[in-house]
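Enquirer: could you work out the structure for the sequence below:
(6 chains)
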There are 6 protein chains.
Amino acid sequence: MAELPISSFTVPRLKDLPKDVRARIKLVQQKTGFVPNVFLVLARRPDEFRAFFAYYDALITRESGLSKAEKEMIVVATSAVNACTYCVVAHGALLRIFSGDPLLGDQVAINHRTADLSLRQRAMLDAAVKLAREPQRFGEADVLTLLDHDFTREDVWDIGAITALFALSNRMAHLSAMRPNDEFYAMGRTPQKKRA
Amino acid sequence: MAELPISSFTVPRLKDLPKDVRARIKLVQQKTGFVPNVFLVLARRPDEFRAFFAYYDALITRESGLSKAEKEMIVVATSAVNACTYCVVAHGALLRIFSGDPLLGDQVAINHRTADLSLRQRAMLDAAVKLAREPQRFGEADVLTLLDHDFTREDVWDIGAITALFALSNRMAHLSAMRPNDEFYAMGRTPQKKRA
Amino acid sequence: MAELPISSFTVPRLKDLPKDVRARIKLVQQKTGFVPNVFLVLARRPDEFRAFFAYYDALITRESGLSKAEKEMIVVATSAVNACTYCVVAHGALLRIFSGDPLLGDQVAINHRTADLSLRQRAMLDAAVKLAREPQRFGEADVLTLLDHDFTREDVWDIGAITALFALSNRMAHLSAMRPNDEFYAMGRTPQKKRA
Amino acid sequence: MAELPISSFTVPRLKDLPKDVRARIKLVQQKTGFVPNVFLVLARRPDEFRAFFAYYDALITRESGLSKAEKEMIVVATSAVNACTYCVVAHGALLRIFSGDPLLGDQVAINHRTADLSLRQRAMLDAAVKLAREPQRFGEADVLTLLDHDFTREDVWDIGAITALFALSNRMAHLSAMRPNDEFYAMGRTPQKKRA
Amino acid sequence: MAELPISSFTVPRLKDLPKDVRARIKLVQQKTGFVPNVFLVLARRPDEFRAFFAYYDALITRESGLSKAEKEMIVVATSAVNACTYCVVAHGALLRIFSGDPLLGDQVAINHRTADLSLRQRAMLDAAVKLAREPQRFGEADVLTLLDHDFTREDVWDIGAITALFALSNRMAHLSAMRPNDEFYAMGRTPQKKRA
Amino acid sequence: MAELPISSFTVPRLKDLPKDVRARIKLVQQKTGFVPNVFLVLARRPDEFRAFFAYYDALITRESGLSKAEKEMIVVATSAVNACTYCVVAHGALLRIFSGDPLLGDQVAINHRTADLSLRQRAMLDAAVKLAREPQRFGEADVLTLLDHDFTREDVWDIGAITALFALSNRMAHLSAMRPNDEFYAMGRTPQKKRA
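Expert: Below you'll find the model as predicted:
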């Protein structure tokens, strides 16, 4: 299946890319063992590539009040309601890895309401999914519900901003028919000591 | 009405902001005559601020196959179906200015299907609105329809990516209860020679 | 743009119209300074014209517990969720004029939930929009919510009946591709002492 | 069951009504054998009563290119998608009577797509139901489809205007919790020579 | 109208059917006076026929905490939101017969929220309709609401399982364009002493 | 996690079950290596249990024009749009096993439109998902589209009937908060020679 295209748009050759873009791609390859296709698909527009990963680092890589697993829950739940194959597969893998729970990626992708989550995490995903799918109905009442579940205002911003970033990301994946790497499907499927 | 809050989150004071963020804000103030609230609302997270405006510059400021007015049509039409007050008001003003048509901002915001547009522009907005609201149904067939209307593949990427960026932007505005500056409502309401 | 058709159906000449219809049209022309297109578009069926404006007078022209601005809020909010260009543009102008607030027309059209309204007015528009879009879910519980906001039973009838009349009006506008007069877009955009 | 209220609003006594309203009610009583509740429920606002029935006469009572049965099909199909008990029950009876087909009222109410209709009538109801439920998507393409089925432009206006009038009527029934007379349910249930 | 096809699939001749299937059909014919078309339409696949009617007997024929009329209310309300002509017509007849109320079949089919039901029955149908149309949102909160209305856990299972069986049944009817027997429309339209 | 309840309803002990039900459960345990929870959750109502698995055998176990993998595609795609955790997880495993493709279960669950399928299989799932979610719009036109893709009438019945059976099954799973066995998540994740 390796020969299937990873995008319906042209994908640049690594050697034709600006140095910083290439460096970023090499870094992720060293860390992950392969180059996630999103890097190659977005690289055809280096300025957009840089902006996207700067945003990603600011929200996902940066430490914050949300755990790594919780951030991935938001990505998986909101990408699932948008039926975004790339984001659900790639971030489902990260959710399994960061939570140490090999079942959680699929559970959150299929129906976050029945996943093995705390009530607080369920409230977090209810808010994120509402902002993802019905932004016009999201308002201060939803923020207050999150504060009631002991999220801080900064946490609320993170929940909303991660949802917003993947609203963008899902649409880029749909636009470009972005294909997830085969490697993602099997990652993190062996149970680990939970960290979530 | 000047005293109404522009965000439900804290808004930093200009003097507390990093130099580059402050510089960007001063630049837009000189150009526009006031500081659009989105700059102040997002500035509380400088890294996200930088990423957002880098993305904005890459897609909106940059010259491309789409005219300035066409880009604003996409922003207004997709923000309208998300009921995003900030983006519709601010970019409705820009659409009036760039098109020279004082009616077009309201027309596209209310119903792009009945606006005074070419069939090609109507097809562009049909695709953008579909990607905005039903990304799970967007696919290669929609891309082909755009190519049939003489958009290039690069134009298609622009249409999709602008839609994606404002999917993010709309959700940040809903999250923060972002209020548009009063100035936007009246801008561009005098007819100009059309440039669209 | 004056040459664009105002309807996809034939529009009668004034001189061919029955005397009372012509008189009504002349009256509005004197008062407004131009003939709103809805008068010309509906005049091709004089009996329907008479019934429509009799209904309009009974609900909109007549004094009642709702202010003139509140009636226009209902028209604008419900017409906006139906994406009715004619009604949003024409009654957005009236809302600006009657409220003395040059921003309110656009705010209510884009998202009545974030407009500068009292909680009571917000409740009024929540009920109206529900009756407009999901009549099958409207029931006594919605009436009770309005009574809790100090609306009388007669006010509730007005809110519902205005919504119902514009459910009709919006559909006539969509049916006939009714075009708003250019004049409406700019009316009431200078701030006035508020009367709302 | 006769004691169940016919409206959640006050219902005037016949003797307190203006003479012309009372006359209209007596006329329908003579013709039908009972007073349909809609007359009593709307009579509390005589001006609105007069406008409503003037509109009704102009579209329903008046001879036109559509048969009596076809007009009732439109009323039943569009009222059914709005779950309007009064209009479906009352006009289902009229549809049975005017078509001479005791099955057609229920068929059109449940699913007009599977009712025993001609393709032309099916197209008529497809357009009416679209205008009733998704007016924002109704446009010239839908008009052209009707013309292709040999409807005239005047027929199209009738189809749209009847749909529009019952968009109003359905909402008045939901607003007032209007109860259909028990008599309607059983009317027209004996097969007649078809007239549709 | 007797000559209209009862299915878009082939319908077997009685004499070609397995003995037990034929026996079941004869039994219903003796009891009802005619063979409901669902028996003939499903008989082309005897194993599925047997499974369907075994399920039907287990849930509908079996005595339980729900009355016969209440079971038919569930069937009619959930089949109506699926616009299933066969099930609404056939079970509307049964609802009229079992409730002794000639109006209830139509009322529940058009809008169960305005039907002449107890609050408890209304809650039962709210839950059933939610499970029928939005199963992904149905959860323990809905079960608790039913328990609050004095339904037992076994009643809740019955409500859900009847809804589930007719989710299947509705789709078989849509798949096969199953036509209800003309006889059903008129059954039970004479008032009886209520048994509901 | 083994201690988490597999249903919100009581689950019978094996030894309390009728002999035939127990035998069926032992059979699946021998074949699969564990007892899928659906057997235990449904066993509390032996007659419904028997009917359900008789239906299952008639449609799924029975040989037919659809391959085993194609049947599971239908189950996974339709259960996914209903957000049914049990059915997606359990039948996702079966889809991986029967197709020999470790990626296909997740692909079909997330978005069947972007899965690695033939156009014919894509058309099959388009029809199934339409019947699952919008049965009221399913009709002969959809059947014809399937025939155009070289499905026989019997295949069409299978596609529709499997969709219908899992419309039932999904609702039973939502009703009972049915939990998938942990074992399913990891099954079939090693690539096999494709049989699909």
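
Enquirer: show me which residues of chain A sit near chain C.
Expert: A:136-137, A:139 (CB under 8 Å from any CB of the partner chain). Any C-beta I mention is one placed from the backbone N, CA and C, and that applies to glycine too.

Enquirer: would you turn the residues you listed into a markdown table with neighbour count, pLDDT and distance to chain F?
Expert: What follows is these, written out as a markdown table (neighbours: other CB atoms under 10 Å in any protein chain shown; pLDDT from 0 to 100; distance: CB to the nearest CB, whole Å):
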| residue | neighbour count | pLDDT | distance to chain F |
| --- | --- | --- | --- |
| A:136 | 18 | 95 | 22 |
| A:137 | 14 | 96 | 19 |
| A:139 | 17 | 95 | 25 |
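
Enquirer: turn the residues you listed into TSV, columns for secondary structure and distance to residue D:173.
Expert: Converted to TSV, these look like this (DSSP: H, G, I helix; E, B strand; the rest coil; distance: CB to CB, whole Å):
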residue	secondary structure	distance to residue D:173
A:136	helix	28
A:137	helix	27
A:139	coil	31
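
Enquirer: so which of those are also by chain B?
Expert: A:136, A:139.

Enquirer: okay, the residues of chain A next to chain C in TSV with distance to residue F:109 next?
Expert: Output for the residues of chain A next to chain C, formatted as TSV (distance: CB to CB, whole Å):
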residue	distance to residue F:109
A:136	28
A:137	27
A:139	32
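
Enquirer: from the residues of chain A next to chain C, pick the one nearest chain B.
Expert: Among these, residue A:136 lies closest to chain B (CB to the nearest CB), at 3.5 Å.

Enquirer: among the residues of chain A next to chain C, which one sits closest to chain E?
Expert: Using CB to the nearest CB, the residues of chain A next to chain C come closest to chain E at residue A:137, 15.0 Å.

Enquirer: just the pLDDT at the nearest residue to that closest one once chain neighbours are set aside, thanks.
Expert: Excluding its sequence neighbours, the residue lying closest to residue A:137 (CB to CB, 6 or more residues apart in numbering or on different chains) is residue A:130, at 6.6 Å. Note on residue A:130: pLDDT of 98.

Enquirer: and the angle from the helix or strand residue A:130 falls within to helix B:119-133?
Expert: Using DSSP states H and E, residue A:130 maps to helix A:119-133. Angle of helix A:119-133 versus helix B:119-133, following axes from the mean of the first three to the mean of the last three CA atoms, to 10 degrees, is 170 degrees.

Enquirer: from the contact counts, what lies against helix A:119-133?
Expert: Helices and strands touching helix A:119-133, as assessed by 3 or more CB pairs under 8 Å, 6 or more residues apart in numbering or on different chains; DSSP states H and E, comprise helix A:68-81, helix A:140-148, helix A:153-176, helix B:153-176.

Enquirer: try it again at 6 Å.
Expert: Helices and strands touching helix A:119-133, by 3 or more CB pairs under 6 Å, 6 or more residues apart in numbering or on different chains; DSSP states H and E, are helix A:68-81, helix A:153-176.

Enquirer: list the contacts of the helix or strand just after the last one.
Expert: Heading C-terminal from helix A:153-176, the first helix or strand you meet, by DSSP H and E, is helix A:183-186. For helix A:183-186, the external contacting residues (CB atoms under 6 Å, 6 or more residues apart in numbering or on different chains) are A:34, A:89-90, A:93, F:103, F:106, F:189.

Enquirer: how about the contacts made by the residue nearest to the spatial centre of chain A?
Expert: Centroid-nearest residue in chain A: residue A:75, 3.9 Å away (criterion: CA atoms, centre = their mean). Going by CB under 6 Å, 6+ apart, residue A:75 touches A:91, A:166.

Enquirer: that one and residue B:64: what is the separation?
Expert: Going from residue A:75 to residue B:64 by CB to CB, to the nearest Å gives 29 Å.

Enquirer: and what of residue A:63?
Expert: In terms of CB to CB, residue A:63 sits 37 Å off from residue B:64.

Enquirer: what about these two, which has more around it?
Expert: residue B:64 (18 against 7; other CB atoms under 10 Å in any protein chain shown).

Enquirer: distance of that one relative to chain C?
Expert: 27 Å (CB to the nearest CB, to the nearest Å).

Enquirer: run a quick neighbour tally on residue A:44.
Expert: 18.

Enquirer: verify the contact between residue A:79 and residue A:87 for me.
Expert: Yes. Under the criterion of CB atoms under 6 Å, residue A:79 makes contact with residue A:87 at 3.6 Å.

Enquirer: quick one: which of those two has more around it?
Expert: residue A:79 (29 against 26).

Enquirer: so who does that one touch?
Expert: Contacts of residue A:79 (CB under 6 Å, 6+ apart): A:87-88, A:166, A:170.

Enquirer: need the pLDDT of it.
Expert: At residue A:79, pLDDT is 98.

Enquirer: again, but for residue A:190
Expert: The model's pLDDT for residue A:190 equals 89.

Enquirer: what's the end-to-end length of stretch A:141-155?
Expert: Stretch A:141-155 has an end-to-end distance of 16 Å (criterion: CA to CA, to the nearest Å).

Enquirer: just the buried residues of that stretch, please?
Expert: By neighbour count on 16 or more other CB atoms under 10 Å in any protein chain shown, the buried set for stretch A:141-155 is A:142-143, A:145-146, A:149, A:151, A:155.

Enquirer: and it, what's its mean pLDDT?
Expert: Stretch A:141-155 comes out at a mean pLDDT of 98.

Enquirer: what sits in contact with each of residue A:79 and residue A:87?
Expert: By CB under 6 Å, 6+ apart, the residues touching both residue A:79 and residue A:87 are residue A:170.

Enquirer: sorry, back to before: from the buried residues of stretch A:141-155, which is closest to residue A:116?
Expert: residue A:149 (17.3 Å; CB to CB).

Enquirer: dump the residue contacts of the closest residue in space to residue A:68 that isn't next to it in sequence.
Expert: Ranked by CB to CB, 6+ apart and with sequence neighbours excluded, the top spatial neighbour of residue A:68 is residue A:98, at 4.2 Å. Residue A:98 is in contact with A:68-69, A:72, counting by CB under 6 Å, 6+ apart.

Enquirer: low pLDDT regions in chain A?
Expert: A:1-2, A:193-196 (pLDDT under 70).

Enquirer: just want the residue of it that's nearest chain D.
Expert: For chain A, CB to the nearest CB, closest residue to chain D: residue A:136, 14.6 Å.
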